[in-house]
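Chemist: Below are the sequence and a predicted model for it; my questions follow.
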Amino acid sequence: MNELSQLRQVAFAPAHGADIADALVQSSGLRVEEERRRGRGAGLNPSGRFEEKRRESFDDGWQSLEELEPFKTTVQIEKPKTAITRNDSPDIPFDRSVNPYRGCEHGCIYCFARPTHSYMGLSAGLDFEAKLFAKPDAPRLLERELSKPDYKVKPIAIGTNTDPYQPIEKEWRIMRQLLEVLSKANHPVMIVTKSAMVTRDIDILSDMAAKGLAKVAISVTTLDRKLARTMEPRCSTPEKRLDAIRQLSDAGIPTATLVSPLIPALNDHELERILEAAKAAGASVAGYILLRLPLEVSPLFRDWLLRHYPERYRHVMSLIKSMRGGKDYDAEFGKRMKGEGPYAWQISRRFEMATKRLGLGRRGVALRDDLFIRPDGGGIQLSLL
């Protein structure tokens, strides 16, 4: 019995109801064969929402689907005009960020950045994990922007969209070069990652941290290796992430743990255990974010949940909707990160009580902005006066 047949058997069982069956019907025509997507998070690869045509896989009787190759990671070079992206969101603690890559090989099924691939004419599903874009010019562009006479220093966040330490960083080393630019300029930086590869750059980060210029947040979503493997297939294991917290903390780098995302009835019961493990590893600050399902992420997550945890599908989605005003997602500022309603309040209280008990801070150390040394030129036209 193949995967689709097994799902049909579960989904159409009376105990599970029509909502699961509807989700299966909606996604089955877009599902990519398991052998082609082995080691990936998404099971679907739907057309981007801006495309004029929609694609759907079907067996034409000539076994053509069996001849398709597995999804392999490819990297294209992207040449942006600027390195720094600005935002004015009131519910995030930074107004600028740098993204060395577009797309992410980690393949986290819940990643809120997936819809950005639609702007490239690609799918938020498997394309997001396999068709990646690198920005090798980003360090040079960053230095150029920091050189501008009117540049005003504030911490730059890296890793807030896609992970700067995803596997292709081993070859491209763009993140390493960005840190070298920031270190030379004494510019504050805060990093978010799910990868233990961040420890590679402890030499730079520890020097910056000694000046009050760097801090790192490691996202630990679960301590369950099986859940992590299916939900975040190419991320560092939970143990390696905790070890990264230990190494960073031992090197004097302010380190936080981010329990993100919390998914009701799937990993939210681990909240206290994750915080305890992170504290034991040396984390001094903690935060959490509730699961976000914007745009294309919702059907991808629903399909994943149906494939891996069909018996929990109804319960998980019901709780998500109870915290999102009856919808899969509410993007309103002030609500999108934490949700609302009794269940969201319960999670908030649990987090508050656990962090207080463990002595974990809710806010990280403030980074210094008074040591900045403007790069010399950086490729911009200098004054002749």
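Modeler: Nice, thanks for sending it over. Keep in mind it's a predicted model, so treat the numbers as computed, not measured.
Chemist: Nearest spatial neighbour of residue 319, chain-adjacent residues omitted?
Modeler: Leaving aside its sequence neighbours, residue 319 sits nearest to residue 264 (Cβ to Cβ, 6 or more residues apart in numbering; 3.7 Å). Every residue, glycine included, has its C-beta placed from N, CA and C.
Chemist: Apologies, that question was intended for residue 267.
Modeler: Leaving aside its sequence neighbours, residue 267 sits nearest to residue 222 (Cβ to Cβ, 6+ apart; 4.7 Å).
Chemist: On the pLDDT front, check that neighbour for me.
Modeler: In this model, residue 222 is scored at 98, pLDDT.
Chemist: Can you show me the helices along this protein?
Modeler: Here the chain has its helices, by DSSP state H, at 3-11, 18-28, 126-130, 138-147, 169-172, 174-184, 202-210, 225-231, 238-250, 271-281, 297-308, 313-322, 342-358.
Chemist: can you list those in CSV and add mean pLDDT and mean neighbour count?
Modeler: Compiled in CSV, these are given as follows (pLDDT from 0 to 100; neighbours: other Cβ atoms under 10 Å):
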stretch, mean pLDDT, mean neighbour count
helix 3-11, 52, 15
helix 18-28, 52, 17
helix 126-130, 96, 26
helix 138-147, 98, 20
helix 169-172, 98, 15
helix 174-184, 98, 20
helix 202-210, 98, 17
helix 225-231, 96, 16
helix 238-250, 98, 20
helix 271-281, 98, 19
helix 297-308, 96, 22
helix 313-322, 97, 18
helix 342-358, 98, 15
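Chemist: so the residue nearest to residue 319 touches residue 323, yeah?
Modeler: Yes - contact criterion Cβ atoms under 8 Å: residue 264 and residue 323 qualify, at 7.3 Å.
Chemist: Which neighbours do these two have in common?
Modeler: residue 343 (Cβ atoms under 8 Å, 6 or more residues apart in numbering).
Chemist: Neighbours of the nearest residue to residue 296 once chain neighbours are set aside, how many?
Modeler: Spatially, and ignoring its direct neighbours in sequence, residue 296 is nearest to residue 124 (3.7 Å; Cβ to Cβ, 6+ apart). Using other Cβ atoms under 10 Å, residue 124 is surrounded by 28 other residues.
Chemist: Just give me the neighbour total for residue 335.
Modeler: Counted with other Cβ under 10 Å, the neighbours of residue 335 add up to 18.
Chemist: Isn't the residue nearest to residue 267 up against residue 269?
Modeler: No - with contact defined as Cβ under 8 Å, residue 222 does not count as touching residue 269 (10.0 Å).
Chemist: need the contact list for residue 239.
Modeler: By Cβ under 8 Å, 6+ apart, the contact set of residue 239 is residue 225.
Chemist: Kindly provide the distance from it to residue 258.
Modeler: For residue 239, the distance to residue 258 (Cβ to Cβ, to the nearest Å) stands at 17 Å.
Chemist: Excluding sequence neighbours, find me the nearest residue to the spatially most central residue of the chain.
Modeler: Closest residue to the average C-alpha location of the chain: residue 111 at 4.9 Å, with Cα atoms, centre = their mean. When the adjacent residues along the chain are set aside, residue 111 lies closest to residue 104, with 6.5 Å between them (Cβ to Cβ, 6+ apart).
Chemist: how many neighbours does the one you found have?
Modeler: Close neighbours of residue 104, defined as other Cβ under 10 Å, add up to 25.
Chemist: now residue 310
Modeler: For residue 310, using other Cβ under 10 Å, the count is 19.
Chemist: What pLDDT does the model give it?
Modeler: So, for residue 310, pLDDT stands at 95.
Chemist: gap between it and residue 304?
Modeler: From residue 310 across to residue 304, the span is 11 Å (Cβ to Cβ).
Chemist: likewise residue 199?
Modeler: Counting by Cβ to Cβ - residue 199 and residue 304 are separated by 29 Å.
Chemist: Could you do residue 322 as well?
Modeler: For residue 322 relative to residue 304 (Cβ to Cβ), the value is 20 Å.
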